[in-house]
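1. please work out how this folds:
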Amino acid sequence: MRSNAEVVVCGAGIAGVAAAYHLAVRQHIRRVVLVDERDPLTLTSDKGTQAYRNWWPGPDDTMLRLVSRSIDLLEESAAESGNTIRLSRRGYLFATANEAGATRLASTAERVSALGMGPLRTHPGPLPYAPAPAEGYRDLVTSALDAYLSVQSNRMNEIMKALTLMSTVMLPLTFIVGLYGMNFKHMPELEWVWGYPAVIGLMIAVVTGILLWFRHRGWIGGDRE
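-> Numbering: from 1, shown residues only. This next block holds a predicted model:
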């Protein structure tokens, strides 16, 4: 373990890990140490909703600037990785059936909107929610593509499974046929009266044993035991 460091980050939550990553990768600081009494990302970071926002009710725009910069970094990472982190913007929805609560939410939203955190949209009553143009369309296309690729992958997996099972059944049969097809002069089994039926019986027993084993493993004919 290193006895010295250029930067020590206290806390290995999502903020600490992200800070250490950007110091090491983006700022090229060689000796960055994370210090935490727990394992990384195990206190609250692994229990969140994976949602993010720059919606903070003041008292000024400090949190807006900090979180907006964090979101910019997230989007850079998504662009660089082909969005393997599945980053998407869907917005926050605050809903209430209490009129006083609606007034309070609207007042808070107006304050944070004035700090530059995005426009406030209010949808009173039971009318259907109408998203802004193109909001979420990219996510829908991405989700549809992911679903299509998943179906294709599952189909290919089923084909490969069938071919693998067939190959596994045929492999020992090919070995037995090849063994007795060598036609060496001194092969006692070739002279046996019951040699041919015995080999056929052996092949049937091998196939039956393999199929029973497959069934026991749950690969064919039902769930695994």
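
2. quick one: the helices in this structure?
-> Applying DSSP state H to the chain gives helices spanning 14-21, 62-80, 99-114, 137-180, 195-217.

3. could those helices go into CSV alongside mean pLDDT, mean neighbour count and distance to Arg38?
-> C-beta: built from backbone N, CA, C; applies to glycine. Shown next, in CSV, are those (pLDDT from 0 to 100; neighbours: other C-beta atoms under 10 Å; distance: least, C-beta to C-beta, whole Å):
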stretch, mean pLDDT, mean neighbour count, distance to Arg38
helix 14-21, 85, 16, 11
helix 62-80, 83, 13, 22
helix 99-114, 82, 13, 32
helix 137-180, 85, 11, 33
helix 195-217, 89, 13, 39
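
4. can you redo the ones you listed as a markdown table with distance to Asn4?
-> As requested, the helices of the chain are arranged in a markdown table below (distance: least, C-beta to C-beta, whole Å):
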| stretch | distance to Asn4 |
| --- | --- |
| helix 14-21 | 16 |
| helix 62-80 | 28 |
| helix 99-114 | 43 |
| helix 137-180 | 45 |
| helix 195-217 | 54 |
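
5. domain-wise, how is this structure divided?
-> 1-48, 51-130, 143-217 (automatic domain parsing).

6. measure the last one end to end?
-> Put plainly, it is domain 143-217. 34 Å (C-alpha to C-alpha, to the nearest Å).

7. so how far is Ile200 from Ile85?
-> From Ile85 across to Ile200, the span is 58 Å (C-beta to C-beta, to the nearest Å).

8. ok, Thr42 next?
-> 61 Å.

9. Ala15 now?
-> 70 Å.

10. same question, Thr164
-> Distance from Thr164 to Ile200, by C-beta to C-beta: 25 Å.

11. how about Ala162?
-> 25 Å.

12. same thing with Thr84?
-> 54 Å.

13. likewise for Val151?
-> 42 Å.

14. now swap in Ile29 and tell me
-> 73 Å.

15. kindly check the end-to-end length of stretch 109-121 for me.
-> End-to-end for stretch 109-121, by C-alpha to C-alpha: 9 Å.

16. same deal with stretch 116-123?
-> End-to-end for stretch 116-123, by C-alpha to C-alpha: 21 Å.

17. equivalent analysis for stretch 86-95, please.
-> Stretch 86-95: ends 26 Å apart by C-alpha to C-alpha.

18. next, the buried residues of that stretch.
-> Of all the residues in stretch 86-95, those buried under the rule 16 or more other C-beta atoms under 10 Å are Leu87.

19. run through who's touching stretch 24-43.
-> 2, 4-14, 16-17, 20, 23 (C-beta atoms under 8 Å, 6 or more residues apart in numbering).

20. what subset of the residues you listed is buried?
-> Val9, Gly11, Ala12, Gly13, Ile14, Gly16, Val17, Ala20, Leu23.

21. which of those lies closest to Trp56?
-> Nearest to Trp56 among those: Ile14, at 16.6 Å, using C-beta to C-beta.
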